[in-house]
Structure formats: structure tokens, C-alpha cells
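In: Okay, structure incoming, though there's no sequence with it:
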């Protein structure tokens with residue numbers, strides 16, 4: 001998102017340092033439980049600026065997204081909490097800020113989510129892998145059956161996600 005600041009070009013300069021490190025298309029209809037984890041096997045950047053996920057369901061939610069290195073109980077990279085409401089259409093993209101936390105480029109980054117309100121909520125599984133677990137539309141992005149260490153069991157080769165980083 002680009003913010004316009006009257007009379008300056010600093011908004012353009014600031015936003016141009018962010019780039020999409022990982023992306024997997026959103027399906028807007030294929031959803032799964034929050035307790036299922038996901039990972040990126042060969043992370044392409046040196047940091048995480050933000051992670052955007054899609055959610056379906058209803059009501060207000062407070063979701064915490066936790067990023068770890070190598071495995072689900074590996075070293076903590078960072079965590080971010082967002083509060084949002086799934087309104088009438090029942091779907092929303094939510095961006096979690098990770099404040100440019102460092103990541104070892106080429107490493108595996110795992111993600112788990114928790115909803116403090118425990119209402120009806122699911123996350124977008126993306127366009128790859130729905131109904132065919134061998135279809136790899138999003139190389140390196142894997143959803144697992146849970147978030148149990150070290151990496152749980154393969155479920156599908158996609159999750160609707162956009163991970164942004166800052167250029168160095």
C-alpha cells in the first residue's frame with residue numbers, strides 16, 4: 001500500500017524498499033482450521049516485514065501468528081497479533097506486522113496461529129493443492145495437518161499468503 005504525502009516523495013521511497021518475498025494465490029473459498037500449521041521451506045529474504053493471510057468465518061477475532069525457524073518448536077523469529085471482524089461477507093485479508101525481523105535466507109520458516117476468541121474462523125489454503133495434495137502450485141509453501149514438532153504431516157502444497165520483506 002502506498003501512502004500519499006502531499007509535497008514529498010518520501011512515501012514512494014519508503015514503499016519501494018518493500019518487496020514480496022513469498023506469495024501463494026488466495027482462493028477466497030478453500031478454507032482450513034487455524035490449528036493447521038504451514039511453512040516456507042527456502043525463505044527467499046533476510047527478514048520478514050509482514051505476512052498477509054485470508055480468513056473466513058464470522059464475528060470478531062484476535063489472532064496471533066507465530067513464526068519460528070526450522071520447525072514448529074524451533075527458535076522464535078517473531079509473533080504478531082491482530083484483532084479484526086469477519087463481517088457480512090465472511091472473508092477478510094489480514095496483515096500481521098513483523099517489523100523487519102531478521103531471518104536466515106534460504107532457511108525454513110514455520111507459522112502457527114491461535115485465535116484468542118475461539119469463534120468460527122478458518123484460513124485460506126490458496127489455489128494450489130485443493131483436492132490434489134500432489135499439485136505444487138506454490139513451490140516451497142506447505143500446509144501441514146497440525147503444528148506439532150518437528151514439522152507435522154504434509155496436507156497440501158499451498159496456503160493463501162503474501163510475505164513482504166525489506167531490501168538490504
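Out: Now that the structure is in, tell me what you want to look at. Fair warning: this is a prediction, and the values are worked out from it, not measured in the lab.

In: helices or strands up against the helix or strand containing residue 50?
Out: Counting by DSSP states H and E, the element that carries residue 50 is strand 47-57. Judged by 3 or more C-beta pairs under 8 Å, 6 or more residues apart in numbering; DSSP states H and E, strand 47-57 is in contact with strand 59-69, strand 76-86, strand 91-102, strand 109-115, strand 121-124, strand 161-166. (Each C-beta comes from the backbone N, C-alpha and C, glycine too.)

In: Let me know which of these is the nearest to residue 17.
Out: Nearest of these to residue 17, taken as C-beta to C-beta: strand 161-166 at 5.4 Å.

In: Could you list every helix and strand in contact with the closest one?
Out: strand 18-24, strand 47-57.

In: Mind listing the strands the shortest one pairs with, and their directions?
Out: On the basis of DSSP bridges, the sheet neighbours of strand 18-24 come out as strand 161-166 (antiparallel).

In: again, but for the longest one
Out: In the sheet, strand 47-57 lines up against strand 91-102 (antiparallel), strand 121-124 (antiparallel), strand 161-166 (antiparallel) (DSSP bridges).
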